[in-house]
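Trainee: Dropping the sequence and predicted coords here.
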Number of protein chains: 2
Amino acid sequence: MREGTVNEAAKMLREWDDVLVLSHRSPDGDTLGSAAALVDALLSMGKRAMFRCADPIPEKFFYLFRELRLDAFVPAHIVTVDVADKALLGSLEPLGEQAELAIDHHFGSHRPFAACRWVEEAAACCMMVTRLIEAMGVEITPRIADALYTGIATDTGCFKYPSVTPETHRIAAMLLERGAHASKINTALFDTKTRTQIRLESAVYRGMEFYFDGKCAVVSLPGSLIAETGATESDLDGVSALARQVEGVVCGVTLRERGAGEYKVSLRTAEPVDAVPIARTFGGGGHRFAAGCTLHGTLEEVKARLLAACGEALGAR
Amino acid sequence: MREGTVNEAAKMLREWDDVLVLSHRSPDGDTLGSAAALVDALLSMGKRAMFRCADPIPEKFFYLFRELRLDAFVPAHIVTVDVADKALLGSLEPLGEQAELAIDHHFGSHRPFAACRWVEEAAACCMMVTRLIEAMGVEITPRIADALYTGIATDTGCFKYPSVTPETHRIAAMLLERGAHASKINTALFDTKTRTQIRLESAVYRGMEFYFDGKCAVVSLPGSLIAETGATESDLDGVSALARQVEGVVCGVTLRERGAGEYKVSLRTAEPVDAVPIARTFGGGGHRFAAGCTLHGTLEEVKARLLAACGEALGAR
């Protein structure tokens, strides 16, 4: 397993045909935008390309793939995008072991699995894919621009996060010039709430609990509440940020019950709290201010274990 | 009254001393950011400059003026920033009549009042002030960059709105390079909710009413609710966007009771509804997708008049 550069990645992709692009499970706008843009670029070069993800694509991201003609074939080469660990491929993990190229922006937490990895610190994997597509000599069409913009916007909270650099804005400017439908995408991703989401947010706000002098906020979404509000995975993703957004909170924890006794945990933090060590305690991972893990037990047990780890991170022990 | 250009505006300001900069009433991040940046630039040229606004500055914008030494003096020249109509100066309207320069981005709805007006179509008045400060030959310090970034971020919903152009992103890139503390500003402006705001949002979501097949959502904030939640003007500003954000809603109306029988109305629309004609019906104004007006009467009367106007705009008559 070796490290590569953008030019090496571009060279491989120019030479390859019959390429399979893999996204991580519980796919977000960045892994899907990266995959859609890369597949689109490969197709435009006359190659065969396909895409797979272990989990279904959330409805709000259907537009990324709507116009792409994906043929079925036996892949000759496998590329992963935005995948920090082969375990994050879910049921497609065996394919990850055969990957020849991993393109990922989880610098510092990427666990090598592909023959060649190109890993950089970037606000979004789509920042890297933008440069890759340019290096491949492929024209950025409005459809590719939409896919790239989608990943950048979703992974930066629409240019809000500390990961945003001048280059992020310059790439966004270029993508707008290439015809990205930015405001349409932003309205759909950031400014649209279903009535279900509104019911869910109301419930979240009513049930929010505060610990450690208000520095930690915990939201619990038991299966019964999820069923009652009719919330989908995509609805649930949207509420992970709410706990941390309360004034004074530097550690926001959202627990959602997935099955009997399984909780998917989203951690959102602010200076000085690093979310990664908390998530790692429970076998998870992610970024400095946004990480996740899965815990098993009763709600009270899971909450107690998480609060202990958060308290330690807050120096409240 | 004549029209001017950025270079003429820069020439005037370079030649002037003892300048008073005016912001519009109910000040937002764009009028305050424009004023703070311009005052800062004038001070850095060794001139005397001061700032006034008819209404108090919301606490979340205090940082814009914290480090500026504003001396009191009898102004020799008056400039307005982001003021589309002298009536929007509130109690300072008489000063507006003496203004020699109006810098404004409300292209199409600006009502001339200053001796010279420089009015352009721009995502934020701070976009124009950025170019002005460059034309004045003043260095953009981190503090000026913070003020300019604040206006651009607030008036574009952090780069989300249709008004964003490639230039908006390029200016943002430049401001980040000049030391703007973008993510700190964004966290404070967009990702922080007080517990009062949370109580308010919960109440808004519970009381939202839908009309015209769900195309119009109405939120009413009676004085009693405002008092009960302890919401400030600044808390209330934040909820004006919620009604329009519900899936399917193209006309979001938020009514807040200001005094006995006086309602401040915020209109937020999406294609194909233009908010300006609705607001104009009641003597208000604004932008295509965000406008406002003030109505008098009982809540039911005010709501009925607004719904009639919205229904007409929706072609539902």
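Mentor: Cool, the structure landed. Numbers count the residues shown, from 1 in each chain, chains lettered A, B, ... in the order given.
Trainee: only C-alpha atoms for contact and neighbour calcs from this point on.
Mentor: Will do.
Trainee: quick one: contacts of stretch A:2-17?
Mentor: Residues from elsewhere that reach stretch A:2-17, judged by CA atoms under 8 Å, 6 or more residues apart in numbering or on different chains: A:42, A:47-49, A:76-77, A:101, A:115-119, A:128, A:131-133, A:135-136.
Trainee: buried sites along that stretch?
Mentor: Neighbour-count burial for stretch A:2-17 flags A:4, A:6, A:8-10, A:13-14, A:17 (criterion: 16 or more other CA atoms under 10 Å in any protein chain shown).
Trainee: hey, where'd the helices end up in chain A?
Mentor: Listed in chain order, the helices of chain A (DSSP state H) span A:6-15, A:29-44, A:93-97, A:125-135, A:142-155, A:166-177, A:182-190, A:195-207, A:223-229, A:233-238, A:275-281, A:299-313.
Trainee: Those into CSV, with extra columns for distance to B:Ala279 and mean pLDDT?
Mentor: Below are the helices of chain A laid out as CSV (distance: least, CA to CA, whole Å; pLDDT from 0 to 100):
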stretch, distance to B:Ala279, mean pLDDT
helix A:6-15, 52, 98
helix A:29-44, 37, 98
helix A:93-97, 56, 96
helix A:125-135, 41, 98
helix A:142-155, 32, 98
helix A:166-177, 31, 98
helix A:182-190, 23, 92
helix A:195-207, 27, 86
helix A:223-229, 35, 87
helix A:233-238, 32, 75
helix A:275-281, 46, 95
helix A:299-313, 49, 95
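Trainee: Now for the spatially closest residue to A:His106 that is not a sequence neighbour: which residues touch it?
Mentor: Distance criterion CA to CA, 6 or more residues apart in numbering or on different chains; nearest residue to A:His106, sequence neighbours excluded, is A:Ala84 at 6.0 Å. By CA under 8 Å, 6+ apart, the contact list for A:Ala84 reads A:104-106, A:109-112.
Trainee: Centre of the chain to stretch A:92-111, how far?
Mentor: 14 Å (CA atoms, centre = their mean, to the nearest Å).
Trainee: Buried residues, that stretch. List them.
Mentor: Buried, per 16+ other CA under 10 Å, within stretch A:92-111: A:92-93, A:96, A:99-106, A:110.
Trainee: In strands, which of those fall?
Mentor: Counting by DSSP state E, the buried residues of stretch A:92-111 place A:101-104 in strands.
Trainee: Return the member of these nearest to chain B.
Mentor: Of all these, A:Asp104 has the smallest distance to chain B: 22.9 Å, by CA to the nearest CA.
Trainee: For burial, what's the neighbour tally of A:Leu148?
Mentor: 34 (other CA atoms under 10 Å in any protein chain shown).
Trainee: cool, and the one 4 residues further on?
Mentor: Using other CA under 10 Å, A:Ile152 has 29 other residues around it.
Trainee: can you tell me how far A:Ala87 sits from chain B?
Mentor: Distance of A:Ala87 to chain B, computed by CA to the nearest CA, to the nearest Å: 31 Å.
Trainee: Correct me if wrong: that residue contacts A:Glu97.
Mentor: No: A:Ala87 is beyond contact range of A:Glu97, at 10.0 Å (criterion: CA atoms under 8 Å).
Trainee: Quick one: end-to-end length of stretch A:40-57, please.
Mentor: Criterion CA to CA, to the nearest Å; first-to-last residue distance in stretch A:40-57 is 17 Å.
Trainee: what's in contact with that stretch?
Mentor: Outside stretch A:40-57, the residues that touch it by CA under 8 Å, 6+ apart are A:13, A:17-27, A:35-36, A:39, A:68, A:70-72, A:89-92, A:133, A:138-139, A:144.
Trainee: on that earlier part again, can you list the buried residues of stretch A:92-111 in CSV and add distance to B:Phe289?
Mentor: CSV is the format used below for those (distance: CA to CA, whole Å):
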residue, distance to B:Phe289
A:Leu92, 45
A:Glu93, 46
A:Gly96, 46
A:Ala99, 47
A:Glu100, 48
A:Leu101, 45
A:Ala102, 43
A:Ile103, 39
A:Asp104, 38
A:His105, 36
A:His106, 38
A:His110, 43
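Trainee: A:Leu20: neighbour count?
Mentor: For A:Leu20, using other CA under 10 Å, the count is 23.
Trainee: For it, which residues are in contact?
Mentor: Counting by CA under 8 Å, 6+ apart, A:Leu20 touches A:49-52, A:75-79.
Trainee: Specify the beta-bridge partners of it.
Mentor: A:Met50, A:Ile78 (DSSP bridges).
Trainee: That one and chain B, how far apart?
Mentor: 33 Å.
Trainee: Quick check: buried residues in stretch A:63-76?
Mentor: In stretch A:63-76, counting by 16+ other CA under 10 Å, buried: A:64-65, A:68.
Trainee: Name the nearest of those relative to chain B.
Mentor: Distances from chain B to the buried residues of stretch A:63-76, taken by CA to the nearest CA, are shortest for A:Leu64, at 18.7 Å.
Trainee: Return the residues of chain A in contact with chain B.
Mentor: For chain A, the residues found near chain B under the criterion CA under 8 Å from any CA of the partner chain are A:158-162, A:164-170, A:172-174, A:176-177, A:182-184, A:186-187, A:191-195, A:198-199, A:201-202, A:205-206, A:245-247.
Trainee: Please type out the PyMOL selection for whichever of those residues turn out to be buried.
Mentor: Buried residues among the residues of chain A next to chain B (16+ other CA under 10 Å), as a PyMOL selection:
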select buried, chain A and resi 158+159+160+161+162+164+165+166+167+168+169+170+172+173+174+176+182+183+186+187+191+192+193+195+198+199+201+202+205+245+246+247
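Trainee: excluding its backbone neighbours, what's nearest A:Asn186?
Mentor: Per CA to CA, 6+ apart, closest to A:Asn186 is B:Lys160, 5.6 Å.
Trainee: ok so, going back, with the buried residues of stretch A:63-76 in mind, which one is nearest to B:Val273?
Mentor: A:Leu64 (27.0 Å; CA to CA).
Trainee: who's in contact with that closest one?
Mentor: Counting by CA under 8 Å, 6+ apart, A:Leu64 makes contact with A:32-33, A:36, A:146-147.
Trainee: so which of these comes closest to B:Ile278?
Mentor: Nearest to B:Ile278 among the contacts of A:Leu64 is A:Asp146, at 32.8 Å by CA to CA.
Trainee: Return the residues in contact with the closest residue to the closest one other than its chain neighbours.
Mentor: Closest residue to A:Asp146 apart from its sequence neighbours, by CA to CA, 6+ apart: A:Ala180 at 4.6 Å. Each residue near A:Ala180 by CA under 8 Å, 6+ apart is listed here: A:142-143, A:145-146, A:149.
Trainee: repeat for A:Met128
Mentor: For A:Met128, the contact set (CA under 8 Å, 6+ apart) comprises A:6, A:103, A:105, A:120, A:122.
Trainee: Quick check, pLDDT for the second one.
Mentor: Read it as A:Ile103. Note on A:Ile103: pLDDT of 98.
Trainee: list the contacts for A:Phe107?
Mentor: Going by CA under 8 Å, 6+ apart, the list of residues near A:Phe107 reads A:119-122.
Trainee: just to revisit the earlier point, between the contacts of A:Ala180, which has the most around it?
Mentor: A:Tyr149 (33 neighbours).
Trainee: Can you name the residues in contact with stretch A:302-313?
Mentor: Residues outside stretch A:302-313 that contact it (CA under 8 Å, 6+ apart) are A:212, A:216, A:251, A:263, A:273-274, A:278, A:281, A:295-296, A:317.
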